[in-house]
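Novice: Here is the input, now give the coordinates:
(2 chains)
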Amino acid sequence: MKTPRQEVEAIVAATAQTLYGADVSAGPYVRPCPDTRHGDFQTNLAMVQAKKAGKNPRELAQQIVDALAEHSVFEKPEIAGPGFVNFRLKAGYCAAQTHARSQDVRLGVEPAVQPLKVVIDYSGPNIAKELHVGHLRSTILGDSLARLFRFLGHNVISDNHLGDWGTQFGIVILGYKRDTNKERFEQDPIGYLEEVYVRTQNASKTDDTIREAARAELVKLQAGDPENVALWKSFIDHSLQSLDRTYSRLDVKFDYTLGESFYNDRLPGVVKALLDAGIARETEGAIAVFSDGTLPQKDDPFIVTEKGGAFRDNPFLIRKSDGGFNYATTDLATLQYRKEHFHADKVIYVTDSRQQMHFAQLFATEKRWNLGLNLQHVWFGAILGADKKPLKTRDGGTVKLRALLDEAQERAEKIITEKRPDLEADKRNDLAQVVGIGALKYADLAQNRNLDYVFNWDKLLAFDGNTAPYLINAYVRIRAIFRKLGSEAPQVERLVLAEEAEIALAKKLLDFGDSLTLAADEYRPHYLCVYLFELAGLFHKFYEHCPVLISEGETKTSRLVLCALTAQTLKTGLALLGIKTVEQM
RNA sequence: GCUCCCAUAGCUUAACGGAUAAAGCAACGGUCUUCUAAACCGUAGAGUGUUGGUUCGAUUCCAACUGGGAGCGCCA
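Specialist: As a prediction, the model looks like this:
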């Protein structure tokens, strides 16, 4: 079913066609009023058309209002300010729409008319490195986008593009062979491999024989040496199990885990194809994609402009001079595979901001290669320490994701123990898991992903304001009402909305679909967070002003339905953020 | 040197070219015999880094500048 915004949009668009025909400016015409005192929705069509035609905007606004006349969706529109036309939804329409949504498991959100095959590429850890705070954003942002697109009816494939190949494995294999503490590997494979890597890497800096030995191990691995291949496979197996434990705590799942090594066989073919197509060429022994001059200099990712307007090449290397392949080659092979095997329409990469140049080059290369994919780089800011400097990867100061989750749960449990000493320890533990992990995820998802993130325990776990605990609590309060009632909301023929708080809550409930499309269109789950926070706020207002259980007749049944729909909307919205709810807290 | 990103209240942030720039935290003052006070209500607090430009209208678009961050040929 249509959201009120879509409803008003369609009506205004039709009116614009009638009044202005081909001269009409492009939509969208309708947006929510920033201040509900003015109305629910507004259009600035009159001002835009007045500008085009050189007419008085208020006169055109009057024409529009006359053409709209009476309607079942909204009251008679009003003209305000420089030429806004404001719409206020009819209470009857709101009640009917709310009622309809309360009987729909999808809460009125229609699946996409043209579902797309969307591959979402996120998390992408290295199998020889622990998951750390730097993986948090990619993992939970990607997971949320996957849930969002799936709910909107798209055919989503989530793919964890593991770092399971590359020069580092020569070092890791060498280090592993020289080390005897194999129990440590069994217990904590990734932690162990990371230690071995760092130790061996450091040793190689001062000892050329170690560097040479590591190189020899890599060559053997690449040549298919059985011992090294078996070792490498066991690294992957053990690491995957370890990763899965953390993903499971985060409630993150992948449809596929196709690491870089999966594409090894395709790499020579990719380079050959690009050479044959004249997209890539040889340079200083390597092979790279250069500018073909078709893009404006300013937008060409294959050149760098120098002072005075001169420019130099900024090639996209797809084969190193030693014959080896790199990140770019693998990414191109991956795109080719996703096109051929998944028949992907769209591929979304969720990585940090530093990779913008890489993806600009990758996307431009894909375009010249004519794979016909819609590619999106959903990038996010850095994780910073208290000193506002990026947390470094290998200096021992990195916060491991596992430790972060542990502490989130511990801190949540401490707070729960203070607030609810009456609960059993088991129950507090379960609550701490949902609330602690939820708080951690929400703190990240609720803000604009493009901004840098200052890592701060108190902020991550604050239980005040716009947080997961606040939203979960709103849900819990509603569940408490139904527990006390002893049943779920009754089936009713219609809803009666009289109080201002009831109408405001109902209107917000109808906007759920708008918040989802906005979040999906911009790849920004924080729009959904804002919506849920506002919904929870309006629910609390309703909760204060409109007693449910002690009311009677249609007022009571209507309020119960409102409560039920609010609970379902909160639960569904939180689930799309990857956050669970609880029945009590 | 070049490119990209960021700059809004004491702090963290929001604002889909539009109306008197919106929240949370912190501060101050209220509200639990009434569906869970992890809540609610209220007060105070900014004119959006600077200078110009486009526009009926700019936090939003454009240009230059200042400050911070990131990136810039064989790492991923």
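Novice: residues from the stretch 101-250 of chain A in reach of RNA strand B?
Specialist: Within the stretch 101-250 of chain A, the positions lying close to RNA strand B (CB under 7 Å from any atom of the strand) are A:N126, A:G163, A:G166, A:T167. Every C-beta, even on glycine, is put in place using the N, C-alpha and C of the backbone.
Novice: 10 Å instead?
Specialist: Where proximity means CB under 10 Å from any atom of the strand, the interface of the stretch 101-250 of chain A facing RNA strand B comprises A:G124, A:P125, A:N126, A:K129, A:H161, A:L162, A:G163, A:D164, A:W165, A:G166, A:T167, A:Q168.
Novice: from what I can see the second one touches A:S242, true?
Specialist: No. Contact criterion CB atoms under 8 Å: A:P125 and A:S242 do not qualify, at 10.1 Å.
Novice: more neighbours, these two?
Specialist: In terms of neighbours (other CB atoms under 10 Å), A:P125 is the more surrounded of A:P125 and A:S242; the figures are 25 against 21.
Novice: What score does the more buried one have for pLDDT?
Specialist: At A:P125, the model reports a pLDDT of 94.
Novice: try A:S487
Specialist: According to the prediction, A:S487 has pLDDT 93.
Novice: wait, what's in contact with it?
Specialist: Listed by CB atoms under 8 Å, 6 or more residues apart in numbering, A:S487 has no contact partners.
Novice: quick one: A:F542 and RNA strand B, what's the gap?
Specialist: A:F542 is 7 Å from RNA strand B, where distance means CB to the nearest atom of the strand, to the nearest Å.
Novice: mind checking which helix or strand that residue is in?
Specialist: For A:F542, the host element (DSSP states H and E) is helix A:526-545.
Novice: which residues sit against stretch A:358-366?
Specialist: Counting contacts by CB under 8 Å, 6+ apart, the residues outside stretch A:358-366 that touch it are A:274, A:279, A:289, A:295, A:300-302, A:314, A:316, A:327-328, A:331-332, A:335, A:349, A:351, A:373, A:375, A:377, A:379.
Novice: So A:L174 is in contact with A:E217, correct?
Specialist: Yes. Using CB under 8 Å, A:L174 is in contact with A:E217, at 4.8 Å.
Novice: for chain A, which spans come out with low pLDDT?
Specialist: Scanning chain A for pLDDT under 70 picks out A:307-309, A:391-397.
Novice: Can you name the residue of it nearest RNA strand B?
Specialist: Distances from chain A to RNA strand B, computed as CB to the nearest atom of the strand, single out A:G465 as the nearest residue at 1.9 Å.
Novice: What count of nearby residues applies to that residue?
Specialist: By other CB under 10 Å, the burial measure for A:G465, its neighbour count, is 9.
Novice: still on that earlier bit, can you name the next helix or strand after the helix holding A:F542?
Specialist: Note on helix A:526-545: by DSSP H and E, the next helix or strand toward the C-terminus is helix A:553-576.
Novice: just checking, what packs against that next one?
Specialist: When contacts are defined as 3 or more CB pairs under 8 Å, 6 or more residues apart in numbering; DSSP states H and E, helix A:553-576 sits against helix A:91-102, helix A:133-151, helix A:468-485, helix A:500-510, helix A:512-521, helix A:526-545.
Novice: Between those helices, which one is closest to A:I11.
Specialist: Between A:I11 and the helices and strands packed on helix A:553-576, the shortest gap by CB to CB is with helix A:91-102, which sits at 12.0 Å.
Novice: mind listing what the closest residue to A:R178 other than its chain neighbours touches?
Specialist: The shortest distance from A:R178 to any residue other than its chain neighbours is 7.5 Å, reached at A:T200 (CB to CB, 6 or more residues apart in numbering). By CB under 8 Å, 6+ apart, the contact list for A:T200 reads A:I171, A:V172, A:L174, A:G175, A:R178, A:I210, A:A214.
Novice: Against A:D265, how distant is the fifth one?
Specialist: In this structure, A:R178 and A:D265 are separated by 31 Å, where distance is defined by CB to CB, to the nearest Å.
Novice: ok, the two, which is more surrounded?
Specialist: Neighbours were counted for A:R178 and for A:D265 using other CB under 10 Å; A:R178 has more, 13 against 9.
Novice: Turn the helices and strands packed on helix A:553-576 into CSV, columns for mean neighbour count and distance to A:D188.
Specialist: Formatted as CSV, the entries for those read as follows, by neighbours: other CB atoms under 10 Å; distance: least, CB to CB, whole Å:
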stretch, mean neighbour count, distance to A:D188
helix A:91-102, 19, 48
helix A:133-151, 23, 17
helix A:468-485, 19, 29
helix A:500-510, 22, 47
helix A:512-521, 20, 37
helix A:526-545, 19, 35
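Novice: Let's have these in CSV, adding distance to A:D387.
Specialist: Below are those laid out as CSV (distance: least, CB to CB, whole Å):
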stretch, distance to A:D387
helix A:91-102, 48
helix A:133-151, 15
helix A:468-485, 27
helix A:500-510, 41
helix A:512-521, 32
helix A:526-545, 26
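Novice: Of all those, which one comes closest to A:L45?
Specialist: Proximity to A:L45 (CB to CB) singles out helix A:512-521 among the helices and strands packed on helix A:553-576, at 19.1 Å.
Novice: Quick one: list the elements packing against the closest one.
Specialist: Packed next to helix A:512-521, using 3+ CB pairs under 8 Å, 6+ apart, are helix A:4-20, helix A:133-151, helix A:526-545, helix A:553-576.
Novice: The shortest one near RNA strand B anywhere?
Specialist: So that's helix A:4-20. Yes. Applying CB under 10 Å from any atom of the strand, one finds that helix A:4-20 is in contact with RNA strand B at A:R5.
Novice: got the angle between that helix and helix A:500-510?
Specialist: On the basis of axes from the mean of the first three to the mean of the last three CA atoms, to 10 degrees, helix A:4-20 is oriented at 80 degrees to helix A:500-510.
Novice: what residues does helix A:4-20 touch?
Specialist: Outside helix A:4-20, the residues within contact range by CB under 8 Å, 6+ apart are A:2, A:24-25, A:27-32, A:40-41, A:43, A:45, A:49, A:63-64, A:67-68, A:71, A:73-74, A:87, A:89, A:93-94, A:97, A:507, A:510-511, A:513-514.
Novice: list the contacts for the residue nearest to A:Y523 when sequence neighbours are not counted?
Specialist: The shortest distance from A:Y523 to any non-neighbouring residue, by CB to CB, 6+ apart, is to A:V378 (4.4 Å). Contacts here follow CB under 8 Å, 6+ apart; on that basis A:V378 touches A:L141, A:G142, A:L145, A:I348, A:Y349, A:V350, A:T351, A:R449, A:Y523.
Novice: Stretch A:10-29: end-to-end distance?
Specialist: In terms of CA to CA, to the nearest Å, the two terminal residues of stretch A:10-29 are separated by 9 Å.
Novice: Kindly report the same for stretch A:346-360.
Specialist: Length of stretch A:346-360, first residue to last, CA to CA: 16 Å.
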